[in-house]
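# okay, structure incoming, though there's no sequence with it:
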DNA sequence: GATGAATGAGGCTTCATTCAT
DNA sequence: TATGAATGAAGCCTCATTCAT
């Protein structure tokens, strides 16, 4: 059977592998082309330039990422439960794709300011999901009515992100998912006694 | 008037300015030399190579950073107060040096993996201070005795870092320091009602 | 008309000319590229680095050199005749290519130790041809049976090389080839009376 | 006791050691200064520039070299004996100073064309001694009256030089001096039977 | 649509030499 | 005389992108 997967996705998947295995600065277009099994020039039939591959990669993966998280959250009643599912799914999705974890947590951050701004655009969709949970919590009375939306969002994202990054930098050698519950509890109740 | 400031510091300060204003990838050695008012070759009397400038920059600045934070924390009784002073000082030090804020939050993260590993070594000293606070809080009974040290550390650092990064990416246009108290409260009490 | 000659040879020939005309240390890659009529980067599609150009140059030219000499020697009966053809062809091949003579006698010797070691590897093929002649002469009884192979080889190569070098340093202003017979006689009979 | 040896010689001796141990291209002025125990700038009180160190080195060493050879030759009657003494002394002087051997046979040849031309000027004094021997041999009837002076000179120098170079490139691991007699015989009688 | 050979701009670093002390 | 900190010119190589086939 010939490769049915359109070249577009084929190239993005190749990029994830090449970047994860070689690092951002060693991920030349020619390497990605080779991994994807196409000629260098073919890349430019599907992407405007190299930056476009990376942004598309992030959009594509983050789109799927958010969809799956939204699915998980959909049925849940409480904000606490939603937050738990967000964290749990975030952790488990990255645990299941070690290449993607390396790329998003370490490699893509080496991109220049402009690219990172465009990546942040994509990230906003994720942050919107976070915001929905916080607002739901405030609405339902689970969270303090004086909770600052931006700070809460930064705390949730910052904590999750730092947790995943530490895990990746430790070569993913411990189980990330099993931390989900404690992370959620810390976010909701803080360090104080309960 | 002769330059009294030793060239070593002179070059590091020039590097901070050049990187902040031009971006990491546009911070050529020749630009740094020009900004420092020395010849290109002079750089190499004080630094082994370009990477050495960046690591030294981080060491020098982070060293001062940590010293100042430790001074602030020293007198405080409670862990809560110590945590507040950490955040407050962290925010105010970066607020006072907008160039340094850009460099540490955005530009230096574009460095390659090897350089970031060396930067992380320096960061460990900061994380040790954080750990001391958490342990003190557990000792004194302010924090839950079951509090996971690593998770708490990641939550504190992740939240602070994300907060500063967001502020820098928004062009430092709002007051960062005034958020210190709320961030501390969120960390200690979480999102729950009080 | 398209350049039919493959770029590999095109670049090597350009290198010979550039080195001969500008000297080893003034033979920048960009100059060679310009002379070859290709872009700087194209050089690196055919050669690993600058040193590789020089080693390849020597291999290529010395390969042809040895082939032609072997052709000449092939039919000859006596070692004396073979030695004469070796010298005669050595002199005439370099007389016909004044650029190559300058490069091999003067410029390539300025290369660093590592490069010269690699050049010496190539030279061994030439010295093997010399050895064959000496051994043939000893076998046939033309040369003394006590003749020391290494010394004889050094005397032949040293004399030929010094003769060519002197000629090149005198700007090739006298006829080299006409010395071939006398050089051969000197090697075979020495300075003594005959 | 303080260093009585004038700095001039001190620097030249340092240069020989530094070049022999590090190679021509790694023999920076600062390294020579350090080895000589003087400041970089001091070098320039005794030598016009780096090239001047190298030419002076060659002049100084070659001057002594020739003097010693002339001493040896002085008393000898026959040209054959003189030639033997020349070779024998040439070999033994270099055998006794392994640093100098490396410098003259390998490292100094990496110098550029201009420097080599100046070195050749110095070499002429050596070649004059060779010429005296050849002419004496022709006068006395030991050598053929039709012997070509230039060719004979090239054969003597080329053979000696190639012999020493081969010995140095083989890490001076066999005895050079013991080859003197056979080299002389080969030069005088050639490869023919005797 | 697919190829891949060719392009060419751009920067880190070394080291001989100077000159104020 | 002696010092040594400072100078600054100069070149190899990479790799994103194009375009003739």
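Everything's here; your move. Note that the structure is predicted; figures quoted are calculated from it, not measured.
# from residue C:38, how far off is whichever residue of chain A sits closest to chain C?
With C-beta to the nearest C-beta as the measure, residue A:30 is the residue of chain A nearest to chain C, at 11.9 Å. To be clear about C-beta, it is placed using only N, CA and C from the backbone, and glycine gets the same treatment. Distance, residue A:30 to residue C:38, using C-beta to C-beta, to the nearest Å: 19 Å.
# next, the buried residues of the helix or strand bottoming out on mean pLDDT in chain A.
Lowest by mean pLDDT, DSSP states H and E among the helices and strands of chain A is helix A:113-140, with a mean of 91. Using 16 or more other C-beta atoms under 10 Å in any protein chain shown as the test for burial, helix A:113-140 gives A:115-116, A:118-119, A:122, A:126-127, A:130-131, A:133-134, A:136-138.
# so for the very next helix or strand once past that helix, mean pLDDT?
Per DSSP states H and E, the first helix or strand lying C-terminal to helix A:113-140 is helix A:149-169. Average pLDDT, helix A:149-169: 96.
# same thing with stretch A:20-28?
Averaging pLDDT along stretch A:20-28 gives 92.
# that one near DNA strand F at all?
Yes: using C-beta under 7 Å from any atom of the strand, stretch A:20-28 comes into contact with DNA strand F via A:25, A:26, A:27, A:28.
# what residues are up against the nearest residue to the first one once chain neighbours are set aside?
With sequence-adjacent residues excluded and distances taken as C-beta to C-beta, 6 or more residues apart in numbering or on different chains, residue A:25 is closest to residue B:112, at 5.5 Å. With contacts defined as C-beta atoms under 8 Å, 6 or more residues apart in numbering or on different chains, residue B:112 is in contact with A:23, A:24, A:25, A:110.
# so which of the residues you listed wins on neighbours?
residue A:110 (22 neighbours; other C-beta atoms under 10 Å in any protein chain shown).
# quick check, that residue in contact with residue A:19.
No: using C-beta atoms under 8 Å, residue A:110 is not in contact with residue A:19; the gap is 9.7 Å.
# circling back: briefly note if the least confident helix or strand of chain A comes near DNA strand F.
No: Helix A:113-140 lies apart from DNA strand F when judged by C-beta under 7 Å from any atom of the strand; the minimum separation is 11.5 Å.
# angle of that helix against helix B:149-169?
120 degrees (axes from the mean of the first three to the mean of the last three C-alpha atoms, to 10 degrees).
# ok now helix A:113-140, how far from the chain's centre?
Put simply, helix A:113-140 sits 11 Å off its chain's centre (C-alpha atoms, centre = their mean, to the nearest Å).
# residue A:48 - how many residues pack around it?
Neighbour count for residue A:48, taken as other C-beta under 10 Å: 10.
# three-state assignment of it?
coil (DSSP: H, G, I helix; E, B strand; the rest coil).
# list the residues that contact it.
Neighbours of residue A:48 in contact, by C-beta under 8 Å, 6+ apart: none.
# do that again at 10 Å, thanks
Residue A:48 makes contact with A:55, A:56, according to C-beta atoms under 10 Å, 6 or more residues apart in numbering or on different chains.
# one more: residue A:124?
The contact partners of residue A:124, by C-beta under 10 Å, 6+ apart, come to residue A:131.
# mind checking how far it is from chain B?
The span separating residue A:124 from chain B equals 12 Å under the rule C-beta to the nearest C-beta, to the nearest Å.
# go on, residue A:66?
In this view, residue A:66 and chain B are 18 Å apart by C-beta to the nearest C-beta.
# ok, that residue to residue A:122 distance?
9 Å.
# and residue A:134, by the same measure?
Separation of residue A:134 from residue A:122 (C-beta to C-beta) stands at 20 Å.
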